[in-house]
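Just need the structure, nothing else, for what follows:
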Amino acid sequence: MNILDIETEAPADGDKLENIFERQRELMVKYHIIEKNNGLLLHNGVLPLDLHDRLSQASIRELIRRTVEELFEASHCLKNSPWKVSHVLTDENHFYEELADAFHFFIELCATVGLDAEQLYRLYFKKSEVNLFRQESKY
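Reported below is the predicted structural model:
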């Protein structure tokens, strides 16, 4: 099953980023049960994880690895290289699905370390201000 098999639309009401965080929290509960039953859950499920704890850090690293892995899978959907003569069309649905997978893991990572939608939103805009300053100051 993939995104082409789904006809359900995203919620139209509410804050979009908060809706994403809420859905991811729902998925996390189910996946954590599966990982625990498989002996793969590295923490006790109490969130947010302690950033200073070794097992928590191992769990956080695993979420980072999963996020990067999905981005890497998205990059493999891009078949055109500067040295290739023939042009290959990109499977856009597959590419977008891999980006969505990476986003799922990124949101889970944020929730796991205690960032909510509002905090992520504020951090994003603070960092974008730093980037604008750096561009304008030729940093």
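
Hmm, Asp91 is touching Ala74, no?
No. Between Asp91 and Ala74 there is no contact under Cβ atoms under 8 Å: 10.7 Å. C-beta: built from backbone N, CA, C; applies to glycine.

Give me the next element, helix or strand, following the helix or strand bottoming out on mean pLDDT in the chain.
In the chain, no helix or strand scores lower on mean pLDDT, DSSP states H and E than helix 16-37, which sits at a mean of 94. For helix 16-37, the following helix or strand on the C-terminal side (DSSP states H and E) is helix 54-75.

and that next one, C-alpha only, in PDB?
Below are the C-alpha coordinates for helix 54-75, written out as PDB (Å, rounded to 0.1, in the frame of the first residue of the first chain):
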ATOM      1  CA  ARG A  54      22.400   7.200  27.200                       C
ATOM      2  CA  LEU A  55      19.400   5.000  26.200                       C
ATOM      3  CA  SER A  56      17.500   8.100  25.300                       C
ATOM      4  CA  GLN A  57      20.300   9.300  23.100                       C
ATOM      5  CA  ALA A  58      20.400   5.900  21.400                       C
ATOM      6  CA  SER A  59      16.700   6.300  20.700                       C
ATOM      7  CA  ILE A  60      17.200   9.800  19.400                       C
ATOM      8  CA  ARG A  61      20.100   8.700  17.200                       C
ATOM      9  CA  GLU A  62      17.900   6.000  15.700                       C
ATOM     10  CA  LEU A  63      15.200   8.500  14.800                       C
ATOM     11  CA  ILE A  64      17.700  10.700  13.200                       C
ATOM     12  CA  ARG A  65      19.100   7.700  11.300                       C
ATOM     13  CA  ARG A  66      15.600   6.800  10.100                       C
ATOM     14  CA  THR A  67      14.900  10.400   9.000                       C
ATOM     15  CA  VAL A  68      18.200  10.500   7.000                       C
ATOM     16  CA  GLU A  69      17.500   7.100   5.500                       C
ATOM     17  CA  GLU A  70      14.200   8.200   4.200                       C
ATOM     18  CA  LEU A  71      15.800  11.300   2.700                       C
ATOM     19  CA  PHE A  72      18.400   9.100   1.100                       C
ATOM     20  CA  GLU A  73      15.600   6.900  -0.300                       C
ATOM     21  CA  ALA A  74      14.100  10.100  -1.800                       C
ATOM     22  CA  SER A  75      17.400  11.000  -3.400                       C
END
